[in-house]
Structures are given as structure tokens and as C-alpha cells.
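**Student:** With the sequence up front, the predicted model follows.
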Amino acid sequence: MCVLWIHNLRWQIVVCSLLILCALPVKAQITYATPQAAAKALFEAWRTKNRTKALQVANEESVDKLMGTIFRKQRKLTECHNASDTEKGLYYCVYGDSEDELLSVAFYMTKTRKGWQVKRVSFAAEG
């Protein structure tokens, strides 16, 4: 509830709206010391179907893509490398599927001032 006494009703509404917006929880982004740790955190969030934790590591587009795909226990971390020259600053980790290579998934991480976060997700079947 917003209790302010301002003579101008329009300013009262604006001030109250700003107070309410400031009170809303902000999605906390977590960064990791290594790209492998960021990839593992997102992979575990996907495995446990924890969208909230996934959104702390990756953007909404990446999380939507993962959560819209069935998790397969056959996926294991198979490699982590710097991305190609065309994608400078990116690092990727691949979770390979032992039964079907086309079901492998790659997490592309980028380093911020505070640490590593997942920038995008790509499945092998996408090309």
C-alpha cells in the first residue's frame, strides 16, 4: 500500500508506482569462476527441472529452449573449449549423448566483469 500525501494526484501515482516497482524482486544473475562451473549449474538446473535456478545462469531464451526439451540421463560432459575465431570471447561445453549424437547439447558461455554466464544453448540437431 502506498501512503503519500502529494497535492498533485498525477505525481502521487508516479511516486507510488516507482515505490512499488522498487519493491519488486529482481532476478538475480549468478556468475561463476569458470565456464565449466556455469555449464554444470545450468545442466543441473535442467536435470532437476528448476527454471528459477536456470534463469540465474542463462538468459530466458536459452532456458526456454532447455526446459522445452526432454532431459536425457545419457548426456555427459564430453568437452569444453574456446569457441572459434568467429565467436571471440565465447567458451563452450558440450554434453554429449551416448545413444544419439544429434541429441548432444552445447552451452556457450561468455565472461562478464564478475564471472562466467551462459549466453546461448545449441543442440546438435539444429545444424
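**Tutor:** Received, thanks.
**Student:** Lys119 - that's part of a strand, no?
**Tutor:** Yes: Lys119 forms part of a strand when assessed by DSSP: H, G, I helix; E, B strand; the rest coil.
**Student:** Where does pLDDT dip in the protein?
**Tutor:** Scanning the chain for pLDDT under 70 picks out the ranges 1-28, 85-87, 127.
**Student:** which residues of it fall in strands?
**Tutor:** With DSSP state E, the ranges of strands along the chain come out as 75-82, 90-97, 105-111, 116-123.
**Student:** how much space between Asn59 and Ser104?
**Tutor:** Distance, Asn59 to Ser104, using C-beta to C-beta, to the nearest Å: 21 Å. Using the backbone N, CA and C atoms, a C-beta is placed for each residue, glycine as well.
**Student:** likewise Thr31?
**Tutor:** The value you get for Thr31 to Ser104, if C-beta to C-beta is used, is 25 Å.
**Student:** Of those two, which one has the most company?
**Tutor:** Ser104 (21 against 15; other C-beta atoms under 10 Å).
**Student:** can you pull the contacts of the more buried one?
**Tutor:** Taking C-beta atoms under 8 Å, 6 or more residues apart in numbering, we find Ser104 in contact with 75, 78, 94-97, 123-124.
**Student:** Could you do Thr69 as well?
**Tutor:** 105, 123.
**Student:** ok, for Lys40, nearest residue in space, not its chain neighbours?
**Tutor:** Excluding the flanking residues, the one nearest Lys40 by C-beta to C-beta, 6 or more residues apart in numbering is Leu77, at 7.5 Å.
**Student:** No more questions from me, cheers.
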